[in-house]
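>>> Attaching a predicted model along with its sequence, questions to come.
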Amino acid sequence: MSMKSIFSFPNPVNEVAARSVAGMVLALALVTIFTGEPWLLLFLVYGFVARVLTGPTLSPIGLIATRLVVPVLGIPEKPVPGPPKRFAQFVGLIVSIVGSVLFIWVSPVAGKSVIGLLAAFAALESGLGFCAGCFVFRYLMQWGLIPESICLECRID
């Protein structure tokens, strides 16, 4: 396996796997909020870093979703464009970092509030298939803030 293949994000992405990842992020965020265990924040942040850089390749949650949950569910693949999903993972990374910094250095209540926001968006993705990051990505494309080369990658035949 080459470095380029490790550090690449899949395109297209299986929507079933993406929703499974969101469900696990939701569960992890809720456990973090209710237990107040700061080390869980590190796991949450690491997962987003791994998914932004490599898709599911180095993400424990991504691997569980693609190698275990999706095959067990037996739901047919639903390909969706990869760039918006990667952008959504990047937004999740920023939110999880902000929540972690607030939790550890400012106020656990403030940090838990931000992680709660992350949980809410993960719930929307997992339960309803609404990807808030993808929604924002679409507007960034319309406003010309996303390069056309990326827009072309969003085509699924």
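Ah, there it is. Residues are numbered from 1 along each chain as shown.

>>> switch to C-alpha atoms for all contacts and neighbour counts from now on
Noted.

>>> outside of the one helix or strand residue 89 maps to, which residues touch it?
Assigned by DSSP states H and E, residue 89 belongs to helix 82-101. Applying C-alpha atoms under 8 Å, 6 or more residues apart in numbering, the set of residues contacting helix 82-101 from outside is 9-13, 38, 41-42, 44-45, 48-49, 51-52, 55, 110-115, 118, 131-134, 137-138, 150, 153-154.

>>> What of stretch 12-21?
Applying C-alpha under 8 Å, 6+ apart, the set of residues contacting stretch 12-21 is 61-62, 65-66, 69-70, 75, 77-82, 85, 125-127, 129, 156.

>>> For ChimeraX, write the selection for the buried entries among these.
Applied in ChimeraX, the following selects the buried portion of those according to 16 or more other C-alpha atoms under 10 Å:
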select :61,62,65,66,69,70,80,81,82,85,125,126
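
>>> Among the contacts of stretch 12-21, name the ones in helices.
Among the contacts of stretch 12-21, the members falling in helices are 61, 62, 70, 82, 85 (criterion: DSSP state H).

>>> pretty sure the first one contacts residue 47?
Yes - contact criterion C-alpha atoms under 8 Å: residue 61 and residue 47 qualify, at 7.0 Å.

>>> And stretch 120-129, how far out from the chain middle?
Taking the mean C-alpha point of stretch 120-129 and that of its whole chain, the gap between them comes to 11 Å (C-alpha atoms, centre = their mean, to the nearest Å).

>>> Pull the CA coordinates from that stretch and hand them back as CSV.
The C-alpha trace of stretch 120-129 is given here as CSV (Å, rounded to 0.1, in the frame of the first residue of the first chain):
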residue,chain,number,x,y,z
ALA,A,120,-26.7,17.0,17.0
PHE,A,121,-25.3,17.3,13.5
ALA,A,122,-24.1,13.6,13.7
ALA,A,123,-27.6,12.7,14.6
LEU,A,124,-29.0,14.5,11.6
GLU,A,125,-26.5,12.7,9.3
SER,A,126,-27.0,9.3,10.9
GLY,A,127,-30.8,9.4,11.4
LEU,A,128,-32.1,11.5,8.5
GLY,A,129,-29.2,11.5,6.0
